[in-house]
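S.K.: Sequence plus the predicted model coming up.
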Amino acid sequence: MDTVFIELDRVEKVFDVRRRTGFLKRERRQVRAVDSLSFTVPRGEMVGYIGPNGAGKSTTIKMLTGILTPSGGRLRVAGIDPTRERTRLARRIGVVFGQRTTLWWDLPLIDSYKLMHRMYRIPDARYRENLDRCVELLELADLLEVPVRQLSLGQRMRGDIAAALLHDPEVLYLDEPTIGLDVISKAKVREFLRELNTERGTTVLLTTHDLQDIEQLCSRVMVIDHGRLMYDGPLAGLHEVGESERTLVVDLERELPPIDVAPARVVKVEGPRQWLAFPAHESAAALVARIAAEYPLVDLSVREPDIEAVIAKMYAGASGAAQRVVP
Ligand SMILES: Nc1ncnc2c1ncn2[C@@H]1O[C@H](COP(=O)(O)OP(=O)(O)OP(=O)(O)O)[C@@H](O)[C@H]1O
């Protein structure tokens, strides 16, 4: 697990953008899509890679596949420089872009796979074995003869994931693999990815706007914004850096004025029930003890912060370098 598989050292990507600003007038501007980005991913890890729109996620993945060349820094995948040896690397990586398909639109699904078999020069036995496995686990048997354009989004996505895995890649880059899928299809895709990771040890870098993907699949999450790494650690750790709050719901014997115990503050009162927000890192037990000592307490419960709210808050305040938290 501890061999470094993906390695970025102060990687930069700057785009030159020309914009028409008037008749014969053009403005040149530089967009720093990825800004001094450093991280490593060990072989066999499944990592979530998240950030708001335009944060630089796709640009990172494109550099990792060799489609884009970094403007600066050092980048290696399996010891290979993707820009210099894109073809050699292609045999070892799989890519799924949720919003685009790599399948041939008018052909039955199986024909796309046959074409890939030849394109990647996959040995016959290996191709058969991988295809059988994907067909079984992704439930593709009834879909193989169906032209891709007739597949539903969820079916096509499963078809695309299989296509990315026929050549046994060591790493899989997934860009929004569950976008637009219904609950059942999402569950199938997640289960498949989990199995792929545990059974085959495939390294997975997962970009998604669906935090449940991350919660269910990744023990580690990287948050990127304005091309910079804002957080790298377990999902649970985001609570602390996101300055999130937990809520204590207190039932008193009778209606009373708002409870006064710092640092908690009352955010809602409904008859004898009061809601108190307090910093997530504070001990709930200490707070409860103080309330019990001073107020006629009947019942209480603690509500954990919603991770979506934590991340939204983090994105909102993520413009300054001062808030970068990379343990
Ligand atoms: N080919 C390009 N030319 C110019 N600017 C680009 C190019 N590709 C990306 N950008 C810019 O770089 C920044 C990062 O874009 P990128 O697509 O990597 O973000 P993202 O995190 O993948 O966003 P999303 O979640 O919307 O897909 C954006 O400001 C984008 O406009």
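M.R.: Everything's here; your move.
S.K.: Flag every residue of the protein that's near the ligand.
M.R.: The chain comes close to the ligand at residues 15, 17, 31, 33, 51, 53-59, as judged by CB under 6 Å from any ligand atom. Just so you know, the C-beta spots here come from the backbone N, C-alpha and C atoms, and that holds for glycine as well.
S.K.: go again using 8 Å as the cut-off
M.R.: 13, 15-17, 31, 33-34, 51-62, 68, 175-176, 207, 209, 224, 227 (CB under 8 Å from any ligand atom).
S.K.: of those, buried ones?
M.R.: 13, 33-34, 51-52, 55-62, 68, 175-176, 207, 224, 227 (16 or more other CB atoms under 10 Å).
S.K.: Can you flag which of the residues you listed belong to strands?
M.R.: In strands, defined here by DSSP state E, the members of those are 13, 33-34, 175, 207, 224.
S.K.: any chance of those in JSON lines, plus pLDDT?
M.R.: Output for those, formatted as JSON lines (pLDDT from 0 to 100):
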{"residue": "13", "pLDDT": "97"}
{"residue": "33", "pLDDT": "95"}
{"residue": "34", "pLDDT": "96"}
{"residue": "175", "pLDDT": "89"}
{"residue": "207", "pLDDT": "92"}
{"residue": "224", "pLDDT": "91"}
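S.K.: Of the residues you listed, which is the nearest to the ligand?
M.R.: residue 33 (3.2 Å; CB to the nearest ligand atom).
S.K.: And the strands in the stretch 101-250 of the chain, which stretches?
M.R.: Using DSSP state E, counting those that start in this stretch, the strands found in the stretch 101-250 of the chain span residues 171-175, 203-207, 220-225, 228-233, 245-252.
S.K.: okay, the one helix or strand residue 292 maps to in PDB with CA atoms only?
M.R.: In the assignment (DSSP states H and E), residue 292 maps to helix 284-294. The C-alpha trace of helix 284-294 is given here as PDB (Å, rounded to 0.1, in the frame of the first residue of the first chain):
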ATOM      1  CA  ALA A 284     -21.100  17.800  24.000                       C
ATOM      2  CA  ALA A 285     -20.900  16.000  27.400                       C
ATOM      3  CA  ALA A 286     -19.400  19.000  29.200                       C
ATOM      4  CA  LEU A 287     -22.100  21.200  27.700                       C
ATOM      5  CA  VAL A 288     -24.900  18.800  28.700                       C
ATOM      6  CA  ALA A 289     -23.500  18.600  32.200                       C
ATOM      7  CA  ARG A 290     -23.700  22.300  32.600                       C
ATOM      8  CA  ILE A 291     -27.200  22.600  31.200                       C
ATOM      9  CA  ALA A 292     -28.400  19.700  33.400                       C
ATOM     10  CA  ALA A 293     -26.900  21.500  36.500                       C
ATOM     11  CA  GLU A 294     -28.700  24.800  35.700                       C
END
